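In: What follows is a predicted protein model with its sequence.
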Amino acid sequence: MSAIKGYIRKQVLISFLANLVINGTLAYWILNDLQLLTATGEHGYVRDILLTGLLLSWLFSWINLVIHYRKRQRGELPVVQPGAGVSWLPSRLWLSAIVMAVLSASIAGGAMLALLSVLFPSGVDPLQYAILKGVWTGVLAGVLVVVCIAVATRPEDGGSIAAQEVV
């Protein structure tokens, strides 16, 4: 059990750091010419956060579900009895990725938008936005990779692990 926990910790760290750097850098590179970002308008952050939440979550989840599912099939990851938090997700990986994306965009995106509106009611500087967006996408990726591993390592039938290795 500790081997899978160590593996998950490593994946969370890698996912967090990669998304922090990539998304924060991209946001700053694209928006650094602007004086102030507001919630709405041509360069509004509402659209950016919701689209990022949806697209990043969908692509990230789908890729990680497939990677970790294949690792489990090859025996590199054990079959693990899922907790209630992931047992309701569909068994089809592409459908699980879509469900996770919609939930991420609405829950995490909504939380980020609320945070931005409280911290910066009149608008946010592009550098501050890039830092917050990098941290937000890093945390989102860290959470999603844990869910992806849990979904990908659950038993094939979605139920009990009676005939399979128990972890």
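Out: The structure has been received and is ready for your questions.
In: tell me what the least confident helix or strand in the chain by mean pLDDT is packed against?
Out: Lowest on mean pLDDT, DSSP states H and E among the helices and strands of the chain sits helix 84-87, with a mean of 81. Secondary-structure packing of helix 84-87 (3 or more Cβ pairs under 8 Å, 6 or more residues apart in numbering; DSSP states H and E): helix 126-152. Any C-beta I mention is one placed from the backbone N, CA and C, and that applies to glycine too.
In: quick one: the helix it packs on to chain centroid distance?
Out: Helix 126-152 has its C-alpha centroid displaced from the chain centroid by 5 Å (Cα atoms, centre = their mean, to the nearest Å).
In: re earlier: ok now the least confident helix or strand of the chain, how far from the chain's centre?
Out: 16 Å.
In: got the buried residues for stretch 141-153?
Out: The neighbour-count check on stretch 141-153 (16 or more other Cβ atoms under 10 Å) flags 141-153 as buried.
In: Secondary structure class of Glu42, three-state.
Out: Following DSSP: H, G, I helix; E, B strand; the rest coil, the label given to Glu42 is coil.
In: Can you list the low-confidence ranges for the protein?
Out: Scanning the chain for pLDDT under 70 picks out 1, 157-167.
In: change it to 50
Out: Where the chain drops to pLDDT under 50, the residues are 160-167.
In: can you count the residues close to Cys32?
Out: Check again: residue 32 is Asn, not Cys. For Asn32, the tally of surrounding residues (other Cβ atoms under 10 Å) stands at 12.
In: could you pull out the helices for this protein?
Out: 2-31, 45-73, 84-87, 93-119, 126-152 (DSSP state H).
In: In JSON lines: those, plus distance to Ala39.
Out: JSON lines is the format used below for the helices of the chain (distance: least, Cβ to Cβ, whole Å):
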{"stretch": "helix 2-31", "distance to Ala39": "14"}
{"stretch": "helix 45-73", "distance to Ala39": "5"}
{"stretch": "helix 84-87", "distance to Ala39": "32"}
{"stretch": "helix 93-119", "distance to Ala39": "7"}
{"stretch": "helix 126-152", "distance to Ala39": "11"}
